[in-house]
Structure formats: structure tokens, C-alpha cells
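here are the coordinates; sequence isn't available:
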């Protein structure tokens with residue numbers, strides 16, 4: 001009995017020591033973390049490119065499709081997501097980037113009549129946001145801005161909010177794709 005207990009203790013000890021060395025060696029081989037602005041830019045471009053791909057892939061004759069009468073159409077979802085991005089970009093950059101789409105974050109479909117108009121608007125929002133993130137770098141993420149004039153927050157918070165907001169609309173657009181028996185671009189991989 002003593003021998004088997006001793007053997008069990010020895011094997012357990014070897015396993016713990018081996019796991020510890022393995023964990024240390026894994027940590028030492030990881031590349032250093034990228035800058036926060038590079039990480040933010042990656043997430044911004046990831047969701048932005050998904051929205052662009054959806055805008056490009058959805059049939060133009062279905063751009064005014066919606067599942068229920070009291071919700072936004074496919075095109076209105078894209079316009080809203082891009083418009084809110086421009087509101088964020090303008091607030092953080094202190095400039096008036098992007099086209100004039102009126103007040104708020106729900107541009108009129110009359111101002112963006114074709115699929116090409118909507119796609120261009122979404123592309124411009126993603127590109128302009130990426131440029132601001134790159135130009136301002138990590139220091140820009142640390143600056144503060146009055147969010148909707150109500151509270152002072154770090155710009156990193158506002159970028160995260162915009163990325164999440166776009167992700168929510170991406171999810172809605174996936175439903176629109178599926179309701180039309182289409183496979184969303186990100187599911188085709």
C-alpha cells in the first residue's frame with residue numbers, strides 16, 4: 001500500500017511540476033500585446049467589413065424588406081448603423097467628417113436611394129472611423145468626450161459603444177438574410 005501511495009504522490013507531483021513548466025514556456029513564447037489603438041482598429045474594421053459585405057451581398061430589390069411593420073428595413077438598419085458611426089467619429093475627432101445626412105442617426109432613405117448609395121455610405125463610415133483611430137492612436141483613446149452631451153467618458157468607451165452597436169445591427173441583418181433564404185457573408189466560410 002505504501003508503495004502505491006508513494007507512486008501516486010510522485011506521479012501527481014511530476015504532473016503539477018510539468019504543467020507549471022509548460023505554462024511558463026507558453027507565456028514566454030507569446031508575442032507582445034499590440035497597442036490598444038491597433039486592437040480597437042481591428043475590432044472596428046472587423047464589424048465594419050461585415051456590414052459592408054452584407055450591404056454588398058443583399059439584393060437591391062430587397063433593400064426595403066423588413067420582417068415587421070414597426071421595425072427598420074434592411075437599408076434603414078445599415079443607414080442607421082453608419083450614421084451613428086459618423087456621430088461618434090465627429091464627436092471624437094471634433095470635425096464634420098462624412099456626408100450631410102441631416103440631424104440624428106436615422107438618415108432618410110430618400111437621401112440614399114440606391115444600393116450603391118447605401119454601400120458607399122457604410123464604406124465611408126468604416127474608412128473614416130479607421131482613419132480617426134489610426135491618427136489619434138492610444139493617446140486618442142485616453143482623451144475624454146461628452147457622450148451625447150450627458151456625461152464625460154474616455155474615447156475608448158465611445159469606440160466600444162459604436163462597435164457593439166454595429167454588432168447588434170449585424171445580428172439584425174443576419175435575420176433579414178435568413179428570412180430571405182440567403183446565407184450571410186460571414187456564414188459562407
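Received the coordinates, thanks. Since we're looking at a predicted model, the values are computed, not measured.

Relative to residue 55, how far out is residue 161?
Distance of residue 161 to residue 55, computed by CB to CB, to the nearest Å: 21 Å. The C-beta positions use only the backbone N, C-alpha and C, and glycine is treated the same way.

quick one: which of the two has more around it?
residue 55 (26 against 14; other CB atoms under 10 Å).

Who are the contact partners of that one?
Shown in contact with residue 55 (CB atoms under 8 Å, 6 or more residues apart in numbering): 78, 115, 118, 119, 122.

And for residue 162?
Shown in contact with residue 162 (CB under 8 Å, 6+ apart): 44, 84, 85, 88, 129.

same check, this time on residue 129
44, 48, 85, 88, 89, 162 are the contacts of residue 129 under CB under 8 Å, 6+ apart.

which of those tops the neighbour count?
Busiest of the contacts of residue 129 [other CB under 10 Å] is residue 85, holding 27 neighbours.

what sits up against stretch 138-152?
35-37, 40, 91-92, 132-133, 136, 153-159, 161.

Return the set of buried residues in the helix or strand that contains residue 164.
When secondary structure is defined by DSSP states H and E, residue 164 falls within helix 155-179. By 16 or more other CB atoms under 10 Å, the buried positions in helix 155-179 come out as 155-156, 158-160, 162-163, 165-166, 169-170, 172-174, 176-177.

From those residues, pick the one nearest residue 71.
Relative to residue 71, the closest of those is residue 172; by CB to CB it sits at 8.2 Å.

I'd say that closest one and residue 78 touch.
No: contact criterion CB atoms under 8 Å: residue 172 and residue 78 do not qualify, at 10.1 Å.
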